[in-house]
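[1] pasted the sequence and its predicted model underneath.
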There are 2 protein chains.
Amino acid sequence: MSHTVGVRQAQKQKTRQALLDAALVLLEEQSLSSLGIREVTRAVGVAPTAFYRHFRSTADLGIALVEEALGSLHPLIESLLAEHDDSEQLIAHMVDLISAHVQDHPSHVRFLARERHGGVQPVRAAMATQLQRFAEEVRVGLATQAESRGWGEDDLLMLSRLYVDHMVMTASELVEAEPGTEEALKDTARRQMLVIHLGRAHWLDHRG
Amino acid sequence: MSHTVGVRQAQKQKTRQALLDAALVLLEEQSLSSLGIREVTRAVGVAPTAFYRHFRSTADLGIALVEEALGSLHPLIESLLAEHDDSEQLIAHMVDLISAHVQDHPSHVRFLARERHGGVQPVRAAMATQLQRFAEEVRVGLATQAESRGWGEDDLLMLSRLYVDHMVMTASELVEAEPGTEEALKDTARRQMLVIHLGRAHWLDHRG
DNA sequence: AATTCCAGAGAACAATCGTTAACTGATGTC
DNA sequence: GACATCAGTTAACGATTGTTCTCTGGAATT
């Protein structure tokens, strides 16, 4: 990784990123299936046809946004899972991590919430794949904890899905929250995760 | 309720319903924010301007669809909550009820999942109001159960929100499920509700 | 220095859009 | 039976859309 990528490729990446950024702003008030190519290029200050040098369609751009929005989250989750032994402490930090991420990248989170069940199938598929990866990672993380002794693999995956879905739900609520109501939402989310955690702790009682 | 509503109003209701039905079909493959007025009227076989006799805009139509899709669910939930004492049995029936509703009205459910965080603010607001009503109703239902002795009102609302959100999530997953995978999804959903139920049963242990 | 490559510009296309205005004719009212 | 009401039609408007083809000028290659 010595020599720079070349003026040409660098400039191309720059406009590509500008297209992604502009799209993200526009998508704060509409859905991907109504996003126009001309609309995006106009916001960037570039000719409509330039769009095709980077993306085949707006659906293609949407997939790129999914990677951008979720890709950066994997290391965060992984390290969080690794550095905590105490589960209850982990819950508090998990909510804080989500909250911070929503504050730092609100339009990314909004995009994810909006397009998760949105009108563009390839984008939905891309997100589903990524979220499955998250559930898998969480499952691996949970498996190392002492509380998971005696758990079957499918039950563990069931539980991680519950956690992941609750995280996504919390993020969606936080990004649409009225200013000032965030703390109450975070508190509710923490208590809900605690309910789940308590249920997890007594799962084997019930089964056995 | 003796005399009929008049030929005139009846005919108007008929085209209004036709517009709603056509929109629902179109919305299976796109979002509301990209739904065109002409597109809907063309599908019904009526002049574009006729649309304005019934709705101010597509957002207005979206709100009507929210009422249609969620309104019919209230009585179902209410009766389900009323007719069960045993909580675990209720879980199984709740999942069955959701599953049946998804099978009977897939496009309604798809619409709800899609527009809950969609690009049209008034529609989001209408849905949020309705879902809050659901959480409230579930809270009242839970309050009558023996397991809720000693629970604070805010904790009960926290729990009902968790239930409602999980129901919505399950419905979303079922409506997008590959044919043949529904049963596995339902089983996972039941186990997840059981985790929540177990957490609920031990909530006071932890608090006290 | 000559040549190739390619990101972006420019012009033009047919199609679609939301919205207005003025109308028609069956229904409801008296 | 005369009159008013109003759901739906027809025509037209300017604006915007996705996509194509051709062109340009600087970077990359040789």
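    Cool, got the structure.

[2] name the residues of chain A found near DNA strand C, please.
    Neighbours of DNA strand C within chain A, by Cβ under 7 Å from any atom of the strand: A:8, A:11-12, A:14-16, A:46-50, A:53-54. Quick note: C-beta positions are derived from backbone N, CA and C, even for glycine.

[3] could you redo the last one with a cut-off of 10 Å?
    Within chain A, the residues that sit near DNA strand C (Cβ under 10 Å from any atom of the strand) are A:8-16, A:18-19, A:34, A:38, A:41, A:44-54.

[4] among those residues, which ones are buried?
    Buried residues within the residues of chain A next to DNA strand C, defined by neighbour count using 16 or more other Cβ atoms under 10 Å in any protein chain shown: A:15-16, A:18-19, A:34, A:41, A:44, A:46, A:51, A:54.

[5] now, which of these sits nearest residue B:202?
    residue A:34 (47.0 Å; Cβ to Cβ).

[6] skipping its backbone neighbours, what lies nearest the closest one in space?
    Nearest residue to residue A:34 in three dimensions, chain neighbours excluded: residue B:34, at 3.3 Å (Cβ to Cβ, 6 or more residues apart in numbering or on different chains).

[7] circling back: quick check, nearest of the buried ones among the residues of chain A next to DNA strand C to residue A:142?
    residue A:16 (37.5 Å).

[8] from what I see, that closest one and residue A:50 are in contact.
    No. Residue A:16 lies out of contact with residue A:50 (Cβ atoms under 8 Å); the separation is 9.9 Å.

[9] so which helix or strand takes in residue A:28?
    Using DSSP states H and E, residue A:28 sits in no helix or strand.

[10] find the nearest non-adjacent residue to it, please.
    Spatially, and ignoring its direct neighbours in sequence, residue A:28 is nearest to residue A:107 (5.5 Å; Cβ to Cβ, 6+ apart).

[11] for that neighbour, list the residues it contacts.
    A:24-25, A:27-28 (Cβ atoms under 8 Å, 6 or more residues apart in numbering or on different chains).

[12] got a list of what the residue nearest in space to the middle of chain A touches?
    For chain A, residue A:70 is the residue whose C-alpha lies nearest the centre (Cα atoms, centre = their mean; 4.4 Å). Neighbouring residues of residue A:70 by Cβ under 8 Å, 6+ apart: A:112, A:127, A:130-131, A:134.

[13] domain-wise, how is chain A divided?
    A:7-56, A:68-207 (automatic domain parsing).

[14] can you put those domains in TSV and add mean pLDDT?
    Shown next, in TSV, are these (pLDDT from 0 to 100):
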stretch	mean pLDDT
domain A:7-56	97
domain A:68-207	95
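
[15] redo those as a markdown table? Include distance to residue B:173.
    Putting the domains of chain A into a markdown table (distance: least, Cβ to Cβ, whole Å) gives the following:
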| stretch | distance to residue B:173 |
| --- | --- |
| domain A:7-56 | 20 |
| domain A:68-207 | 9 |
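
[16] adding distance to DNA strand D, write those domains out as a markdown table.
    A markdown table is the format used below for those (distance: least, Cβ to the nearest atom of the strand, whole Å):
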| stretch | distance to DNA strand D |
| --- | --- |
| domain A:7-56 | 3 |
| domain A:68-207 | 13 |
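
[17] and of those domains, who's closest to residue B:98?
    Minimum separation from residue B:98 across the domains of chain A (Cβ to Cβ) falls at domain A:68-207, 15.0 Å.

[18] quick one: the closest one to chain centroid distance?
    The chain centre lies 9 Å from the centre of domain A:68-207; the measure is Cα atoms, centre = their mean, to the nearest Å.

[19] what is the end-to-end distance of it?
    Its start and end residues considered, domain A:68-207 measures 41 Å (Cα to Cα, to the nearest Å).

[20] with stretch A:111-121 instead?
    Terminal-residue distance, stretch A:111-121 (Cα to Cα): 15 Å.

[21] for that stretch, buried residues please.
    Neighbour counts over stretch A:111-121 (16+ other Cβ under 10 Å) mark A:111-120 as buried.

[22] can you tell me which of the residues you listed are in helices?
    For the buried residues of stretch A:111-121, membership in helices holds for A:111-115, with DSSP state H as the criterion.

[23] which residues does stretch A:177-197 contact?
    Stretch A:177-197 is contacted by residues A:87-88, A:91-92, A:94-96, A:98-99, A:159, A:162-163, A:166, A:170, A:173-174, B:155, B:158-159, B:161-162, B:195-196, B:199-200, B:203, B:206 when judged by Cβ under 8 Å, 6+ apart.
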